[in-house]
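>>> give me a model of this one.
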Amino acid sequence: MDLTAVLLRVAAARPRVLLVTTPGGTSVRLAAEGELRMRDWPLVSTPAGADLMVVAGPGCPRLQSALERLWQDMPAPRVCVRATAADDVSSILDAACARLSSPGRQRTEARRTADEFRHHEPGRPGGTGAEGGQDAETDHEADHGEPGDGDHGGHRESDAEGGHPGGEREGDDANREGRHDHAGHEVPHGKPEHGGKRPTDQGSPDEHESHGGGHGNEDMEMPGGFPMAERGEDRDGLTLDRLHVPLGPFLADWPAGLTIRTVLQGDVIQQADLDEPPADRSADPFWARPWLRAAAGEPVTRGEAARRRAAAHLDSLARLLSVAGWPAEAVTARRLRDDLLTEAPVSMVLPRVERHARRVGRSRTLYWLTRGVGPLSAADARAAGVSGPAARAGGDVPARYRQWLSDVMHDVRQLDDTAPLDPVAQESPRGRWDAERPPSAALTGVLCGLLVGAELGAARLVVASLDPDPDELAVRPAEVARG
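So this is what the prediction gives:
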């Protein structure tokens, strides 16, 4: 009896899935979430706990190295697939299941990947995507065919930040700006601000000895070759290490492809800067499609726009609830979102939406957990050009998610409205639509300011409560992005 084959078949019957969304992959992500829920395949937020990585969306060269490093953190046996169209998701998952359960395929891929790494040519997960419903992507195994070879417990710590495709090798860790943990989250490694060197202490010899362990002006390095971080005063006047930690681009429940570079002291963000995505006039933001079509002169009804807007708010709400630690209601929000996207009638959706809104909106625990986090007054929002729910809410995270709930109930009641959509008068999900400056541009403009002074956990809540859409940012001209 081949015990390995039996164990692989058992694992493949219900694989744990790491779902990674690339820019432009919203529709594929939605299809994948629905299909995985129907199959009862559990979603995981960490590559360490995944058997199968599903990359939803088109290829993105600037984020390829981040995908590779997520892949390296997955233990064998493992499979990676890419879906570039929503209609292909089911067949690709079937093919992935068959590959995961094949001992011969796993051994072959393990040997092939080991050879690739010996020649410094690591493969790329989800390489060529899927065309015409065929499974044309590539999958790769651990360096020596066994989880845990040459790493710690089968999982490497590496950078989750997107860089050059096929970027740094494993020996370049000391030059990376950040590493990710087993959830694909960025974690600090103590990168200094000045070329990897500890600033020279300018005090007496006694001060040098107390700060440098008696080594005077010599550069200090952490075990493993990582340089020490520069010190600086925090908001309380304490001298702490300043750590550079990029957040994104593939965190769980995080806008796809968004990267925010932060400087941390302790767990408090002292500085936050957004990596602007490259402009792409061919980008097609999924949630704003009715407004794009209406602006192009196509007939779009207000009911169709209300349905898309309500689904977008429920998708954003599900992210927030997931980050806040309420997965049951996050699943409810996603089910309601999917029902709206599949043209469910008002009579079926409205009672469930109202029930969900009462439960979430009246939750004292959720309110106490998020109150006072990321306050944005209505006046400040208008001054920054923010429109939509974030501007109308005029408050903190609870004010914003309650505004979403109110807007969803209002929109669901308007699903049968046949009047033509005015793309200027009726707001898109993130706010007033303007092709030259989409509403997500204003949201990201205020986001970094709200993150400064916040703890990391609160920062995730702030991002989820604003939920800018990077696909909108990609459609704006480069000169507008710089402005």
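>>> what's in contact with stretch 288-295?
284-285, 300, 304-305, 308, 420-423, 426, 428-430, 433, 435, 438, 469, 472 (C-beta atoms under 8 Å, 6 or more residues apart in numbering). Any C-beta I mention is one placed from the backbone N, CA and C, and that applies to glycine too.
>>> strands of the stretch 201-350 of the chain, start to end?
Ranges of strands within the stretch 201-350 of the chain are 230-233, 239-247, 260-265, 268-274, based on DSSP state E, counting those that start in this stretch.
>>> residues near residue 408, how many?
28 (other C-beta atoms under 10 Å).
>>> which residues touch it?
310, 313-314, 317, 353, 357.
>>> would you double-check that it falls in a helix?
Yes: counting by DSSP: H, G, I helix; E, B strand; the rest coil, residue 408 is part of a helix.
>>> may I have the phi/psi pair for residue 299?
Its backbone dihedrals place residue 299 at phi -70, psi 120, with angles given as degrees, to the nearest 10.
>>> count the residues that sit near it.
Neighbours around residue 299, by other C-beta under 10 Å: 9.
>>> wait, residue 89 sits on residue 83?
Yes: applying C-beta atoms under 8 Å, one finds residue 89 in contact with residue 83, separated by 4.9 Å.
>>> which neighbours do these two share?
28, 31-32, 56.
>>> tell me which two of these sit farthest apart.
Greatest spatial distance among the shared contacts of residue 89 and residue 83 (C-beta to C-beta): 31 and 56, at 8.0 Å.
>>> and these two? Which one has more around it.
residue 56 (27 against 21).
>>> and the longest helix for this structure?
Assignment by DSSP state H gives helix 302-324 as the longest helix of the chain.
>>> now do it: which elements does it pack against?
helix 289-295, helix 327-341, helix 346-361, helix 364-370, helix 397-412, helix 456-466 (3 or more C-beta pairs under 8 Å, 6 or more residues apart in numbering; DSSP states H and E).
>>> from residue 312, how far out is residue 306?
Counting by C-beta to C-beta, to the nearest Å, the separation of residue 306 from residue 312 is 11 Å.
>>> what does residue 90 give?
With distances taken as C-beta to C-beta, residue 90 is found 24 Å from residue 312.
>>> ok, the two, which is more surrounded?
residue 312 (26 against 16).
>>> the more buried one - nearest residue in space that isn't next to it in sequence?
residue 429 (3.5 Å; C-beta to C-beta, 6 or more residues apart in numbering).
>>> so residue 101 is in contact with residue 6, correct?
No: using C-beta under 8 Å, residue 101 is not in contact with residue 6, being 9.9 Å away.
>>> the longest helix of the chain vs helix 397-412, what angle?
150 degrees (axes from the mean of the first three to the mean of the last three C-alpha atoms, to 10 degrees).
>>> could you list the buried residues of stretch 460-476?
By neighbour count on 16 or more other C-beta atoms under 10 Å, the buried set for stretch 460-476 is 460-476.
>>> residues touching residue 472, list them.
Residue 472 neighbours (C-beta under 8 Å, 6+ apart): 285, 288, 430, 438-441.
>>> quick one: classify it as helix, strand or coil.
Assignment for residue 472 (three-state DSSP): helix.
>>> would you mind measuring from it to residue 438?
In terms of C-beta to C-beta, residue 472 sits 4 Å off from residue 438.
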